[in-house]
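K.L.:
Could you look at this predicted model? Sequence included:
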Amino acid sequence: MHRYRAWGLAALTAAAGATAAAAADPPPRAARPTQTTVVDKLFGKAKAKAEPAPAPKADAPPGLAPEVKAAALRDEQDAYERRMAVCLKLREVAEQRGDDNLHRQVDELERQAGALYHARTAALGLPKARPADVLDRQLGTGVAVTPLTAPAPPVPAGPATAAARATAPTSDRDVREVRP
């Protein structure tokens, strides 16, 4: 009788262990990946056409008001000017002391201030001003876009030039040096 109990207990333990092992197994794979060949790797395998991307939603939230953007830009410009003023004071101190290490630190601070300003103003979503627009605002309309003109070409030598060369001093005896 004890044998039957022992065999029954062993069968019960084996069945419980099998169900626990089956529950711990990962789910079976859906499909085996297709084997790639050298030709597929070189030229690419034709892929099934994907569905077109969905159109963007028409209910996009509106951006900031232009007045808010202008105020934020002014605040960023003021902060940038304050940072650059501090860098200028530090640079003056470095000049007075002759401290090269402080010069390098000031250069790094100026670089960081510029990077911070550009990152924060880019986040506002404002269009970048073109250099010609900035110059027009500073110097007046049309100055930046008016091209520079080259000087007039030299006039070829004529009879008046030849007469002037004839009266010009040609030797050292005609040249007089005046000392103060």
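P.N.:
Looks like it came in fine.
K.L.:
Show me what the helix or strand where residue 88 lies is packed up against.
P.N.:
Following DSSP states H and E, one finds residue 88 within helix 66-97. Counting by 3 or more CB pairs under 8 Å, 6 or more residues apart in numbering; DSSP states H and E, the packing neighbours recorded for helix 66-97 are helix 100-123. To be clear about C-beta, it is placed using only N, CA and C from the backbone, and glycine gets the same treatment.
K.L.:
what sits against residue 100?
P.N.:
If a contact means CB atoms under 8 Å, 6 or more residues apart in numbering, then residue 100 has residue 94 as its contacts.
K.L.:
Let's see that with 6 Å instead.
P.N.:
Residue 100 makes no contacts at all, as judged by CB atoms under 6 Å, 6 or more residues apart in numbering.
K.L.:
Next: residue 76.
P.N.:
Counting by CB under 6 Å, 6+ apart, residue 76 touches 120, 121.
K.L.:
hang on, the earlier thing: could you pull out the buried residues of the helix holding residue 88?
P.N.:
72, 76, 80, 83, 87, 90, 91, 94 (16 or more other CB atoms under 10 Å).
K.L.:
Now do it against helix 100-123, angle only.
P.N.:
With axes from the mean of the first three to the mean of the last three CA atoms, to 10 degrees as the basis, helix 66-97 and helix 100-123 are set at 170 degrees to each other.
K.L.:
rounded to a whole number, what's the mean pLDDT of helix 66-97?
P.N.:
The predicted model gives helix 66-97 an average pLDDT of 93.
K.L.:
circling back: dump the buried residues of helix 66-97 to JSON lines, plus distance to residue 105.
P.N.:
Formatted as JSON lines, the buried residues of helix 66-97 follow (distance: CB to CB, whole Å):
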{"residue": "72", "distance to residue 105": "29"}
{"residue": "76", "distance to residue 105": "23"}
{"residue": "80", "distance to residue 105": "18"}
{"residue": "83", "distance to residue 105": "14"}
{"residue": "87", "distance to residue 105": "10"}
{"residue": "90", "distance to residue 105": "8"}
{"residue": "91", "distance to residue 105": "10"}
{"residue": "94", "distance to residue 105": "8"}
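K.L.:
Which one of these is nearest to residue 138?
P.N.:
Nearest to residue 138 among these is residue 80, at 17.2 Å by CB to CB.
K.L.:
Contacts only, for that closest one.
P.N.:
Listed by CB under 6 Å, 6+ apart, the contact set of residue 80 reads residue 117.
K.L.:
ok, so what distance separates it from residue 102?
P.N.:
Separation of residue 80 from residue 102 (CB to CB, to the nearest Å) stands at 21 Å.
K.L.:
can you check residue 76 too?
P.N.:
Residue 76 is 27 Å from residue 102, by CB to CB.
K.L.:
How about residue 94?
P.N.:
4 Å.
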